[in-house]
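*Asks:* need a 3D model of the sequence below.
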Amino acid sequence: MAGKIIGIISLKGGVGKTTTVANLGSILAAEFKKKTLVVDANFSAPNLALHLGLVNPKVTIHDVLSNKAKIHEAIYRHEAGFHLIPAAYMYKKINPHALKHKIRHLREHYDMIFLDSSPNLNEEMLATMMASDELLVVTSPDYPTLSTTLRAIRLAKQKRIPITGLILNRVRNKKFELSIKDIENAALVPVISVLPEDIKIPEAIYYTTPVSLYKPLSNSAVEFRKLAANLIGEKYENVGLWGILKNIFKR
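*Replies:* Numbering: from 1, shown residues only. Below you'll find the predicted structure:
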């Protein structure tokens, strides 16, 4: 059975798109034993590799899209068991619309492929949308972010790319925040995951490790685990620290 390609998008930087991609890749590979690939499709301002401790990779998605390398040459293995295709830190002019053509055959080798999109409404985001089977939109419970989220949803619907749901990130449970109901009514898209504001996430980024590995029992790690299970149609069971570590070490 062919794997699924999911684009993770937002129209605002800093809402947690890259963090979501890194943690879903880690959890699905280490704990659910899925063959998982994450791809940095933020061609002009990439940072997925930095989140995962890969600095100055020799071959990147830019080389693949420029026909200077084969795609298998740009695939790196993370210690958690998933694979990564990084992007170049120095901008190179490429054809972003070649992304779909370059990665589509990888479905045969992976169960799940996640694309970390550019946060800008440009050709880069369009490339992610066109290469994806479905989309997840990362947002936060405030009006400025919601307004950009609605723009991203409209564009996806225009391109007829299915949106699986919204990931509501950095939730503090304060009265001044938009409620899930308010967001769903405005977007006409369900919220499928609620991620709390968690100081462990910037700590994990500092140590270039997904929070699901850095602090596996943190609130955010547990919610990422629930989201991962939901995406593959499995029931999440909180097995505690020993169960999590056992799954990782088995891998």
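
*Asks:* which stretches of the chain form strands?
*Replies:* Using DSSP state E, the strands assigned to the chain run over residues 4-9, 36-41, 76-77, 83-85, 112-117, 134-139, 163-171, 191-196.

*Asks:* list the helices and strands the second one packs on?
*Replies:* In other words, strand 36-41. In terms of contact count using 3 or more C-beta pairs under 8 Å, 6 or more residues apart in numbering; DSSP states H and E, strand 36-41 is assigned the packing partners helix 17-30, helix 48-51, helix 61-65, strand 83-85, strand 112-117, helix 123-131. Quick note: C-beta positions are derived from backbone N, CA and C, even for glycine.

*Asks:* again, but for the fifth one
*Replies:* For strand 112-117, the packing partners by 3+ C-beta pairs under 8 Å, 6+ apart come out as strand 4-9, helix 17-30, strand 36-41, helix 123-131.

*Asks:* nearest to D182, of the helices and strands packed on strand 36-41?
*Replies:* Each of the helices and strands packed on strand 36-41 was scored for nearness to D182 using C-beta to C-beta, and the closest is helix 17-30 (21.6 Å).

*Asks:* is it possible to export the helices and strands packed on strand 112-117 to a markdown table including mean pLDDT?
*Replies:* A markdown table is the format used below for the helices and strands packed on strand 112-117 (pLDDT from 0 to 100):
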| stretch | mean pLDDT |
| --- | --- |
| strand 4-9 | 97 |
| helix 17-30 | 97 |
| strand 36-41 | 98 |
| helix 123-131 | 92 |
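
*Asks:* adding distance to E203, write those out as CSV.
*Replies:* CSV is the format used below for these (distance: least, C-beta to C-beta, whole Å):
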stretch, distance to E203
strand 4-9, 22
helix 17-30, 12
strand 36-41, 21
helix 123-131, 28
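
*Asks:* mind putting those into CSV with mean neighbour count?
*Replies:* As requested, the helices and strands packed on strand 112-117 are exported to CSV (neighbours: other C-beta atoms under 10 Å):
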stretch, mean neighbour count
strand 4-9, 23
helix 17-30, 27
strand 36-41, 28
helix 123-131, 21
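
*Asks:* to P141, which of the helices and strands packed on strand 36-41 lies closest?
*Replies:* Comparison of those against P141 by C-beta to C-beta identifies helix 17-30 as nearest, at 15.8 Å.

*Asks:* give me the helices and strands touching the closest one, please.
*Replies:* Packing partners of helix 17-30 (3+ C-beta pairs under 8 Å, 6+ apart): strand 4-9, strand 36-41, helix 48-51, strand 112-117, strand 134-139, helix 211-214, helix 219-231.

*Asks:* the third one: how far from the chain's middle?
*Replies:* Centre-to-centre, helix 48-51 and its host chain are 12 Å apart (C-alpha atoms, centre = their mean, to the nearest Å).

*Asks:* so can I have JSON lines of the helices and strands packed on helix 17-30 showing distance to A74?
*Replies:* Written out in JSON lines, the entries for the helices and strands packed on helix 17-30 read as follows (distance: least, C-beta to C-beta, whole Å):
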{"stretch": "strand 4-9", "distance to A74": "16"}
{"stretch": "strand 36-41", "distance to A74": "9"}
{"stretch": "helix 48-51", "distance to A74": "11"}
{"stretch": "strand 112-117", "distance to A74": "13"}
{"stretch": "strand 134-139", "distance to A74": "23"}
{"stretch": "helix 211-214", "distance to A74": "23"}
{"stretch": "helix 219-231", "distance to A74": "24"}
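
*Asks:* R104 is nearest to which of those?
*Replies:* The minimum distance between R104 and these falls on strand 4-9, with 7.8 Å, by C-beta to C-beta.

*Asks:* alright, that wraps it up for me.
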